[in-house]
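Novice: Fold the following for me, if possible:
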Amino acid sequence: MAIFEGAGVALITPLKENGEVNYGKLEELVEEQIAGGTDSIIACGTTGEASTMTHEEHLEVIKYVCEVTKKRIPVIAGTGSNCTDTAIYLSKEAENCGADGLLLVSPYYNKATQNGLKAHFKAVADAVKIPILLYNVPSRTGVNIAAETIADLCRNVSNILGVKEASGDFSSIADLMYLTDGKADVYSGNDNQIVPILALGGKGVISVLSNIAPSQTHEICQAYFDGDVTRSAKLQLDAIPLINALFCEVNPIPVKAALNLMGKNAGPLRLPLTEMEPKNQERLKNAMKAYGIL
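Specialist: Numbers count the residues shown, from 1 in each chain. Got it, this is the predicted structure:
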């Protein structure tokens, strides 16, 4: 069984002006996502600025999101690291916090071989009981998880179910689905590629767009599942200008700016991320207005 089907939100972490996590606002965001039809919450991923959190903050945010969600929808915790021991520690603690699944980014900077990636992911998987999704985002990590590697892990490690694919390489994704007889749980890691990945047998998306348009992102998936591919594709295409604006600077700079424009008080970013450039913020504002959410 897949951890979820549909639109999972890669949730931002709201901060106070002093840089501390704003837990009151975090609760509001979780409740708004659930009310908007979001199918899963991904806490402490790239969009959640996990890379600038201490381990204590990282785990406290995961625990808090689990407590607020109360099993109404699955919570997937981002617990990847370029250090295998750290990834094991965070993963075990996230399981203890009540996470329903884990999202493990490939080890960045180290640039492990494919055999090294297999050994890393298997070591983490062996340390926990909950299901795992790999996260392939070579533009950030410097290493691609090959389709053959993902397929091997899905076949031979019982709690590795699939992958969040942000490589944009549809040939590799097609190879993965072929190698696993369509049984790998593949989620789009790019909001502009939801429908194409669903067409290859994907389960949905782990989405930045969902932070500001949860019902619309859910509906792109739901329309496809309901057999209305034409409507799903139209909804996907209608969102393209906004999606492009959300990625005109590195994520999560624009999506936090968007939430602040909506009055959601997402707060500032942590260095080395900085506030959105004014010309790009104007582009984002115009895209949000055109999409009808501002």
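Novice: Not counting sequence-adjacent ones, nearest residue to Gly168?
Specialist: In space, Gly168 comes closest to Asn190 once its chain neighbours are excluded; the distance is 6.1 Å by Cβ to Cβ, 6 or more residues apart in numbering. No exception for glycine: its C-beta is placed from N, CA and C like everyone else's.
Novice: Check which helices and strands the helix or strand that Lys164 is a member of is in contact with.
Specialist: Assessed by DSSP states H and E, Lys164 sits inside strand 160-165. The contact analysis (3 or more Cβ pairs under 8 Å, 6 or more residues apart in numbering; DSSP states H and E) places strand 160-165 against strand 132-136, helix 147-156, strand 185-188.
Novice: Nearest to Val9, out of those?
Specialist: strand 185-188 (11.9 Å; Cβ to Cβ).
Novice: What is the helix or strand harbouring Val195 packed up against?
Specialist: Assigned by DSSP H and E, Val195 belongs to helix 194-199. Packing partners of helix 194-199 (3+ Cβ pairs under 8 Å, 6+ apart): helix 170-179, strand 185-188, strand 204-207, helix 214-225, helix 229-238.
Novice: about what we covered before: would you agree the residue nearest to Gly168 is in contact with Lys164?
Specialist: No. Contact criterion Cβ atoms under 8 Å: Asn190 and Lys164 do not qualify, at 9.8 Å.
Novice: For the lowest-mean-pLDDT helix or strand in the chain, buried residues please.
Specialist: Every helix and strand of the chain was ranked by mean pLDDT, DSSP states H and E. The lowest is helix 138-141, at a mean of 96. Buried residues in helix 138-141, counted by 16 or more other Cβ atoms under 10 Å: Thr141.
Novice: How far does that helix sit from its chain's centre?
Specialist: Mean-position distance between helix 138-141 and its chain equals 14 Å (Cα atoms, centre = their mean, to the nearest Å).
Novice: Check stretch 234-251 too.
Specialist: 16 Å.
Novice: Now render the helices and strands packed on helix 194-199 as CSV, adding mean neighbour count and mean pLDDT.
Specialist: Shown next, in CSV, are these (neighbours: other Cβ atoms under 10 Å; pLDDT from 0 to 100):
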stretch, mean neighbour count, mean pLDDT
helix 170-179, 17, 98
strand 185-188, 26, 98
strand 204-207, 29, 98
helix 214-225, 22, 98
helix 229-238, 16, 98
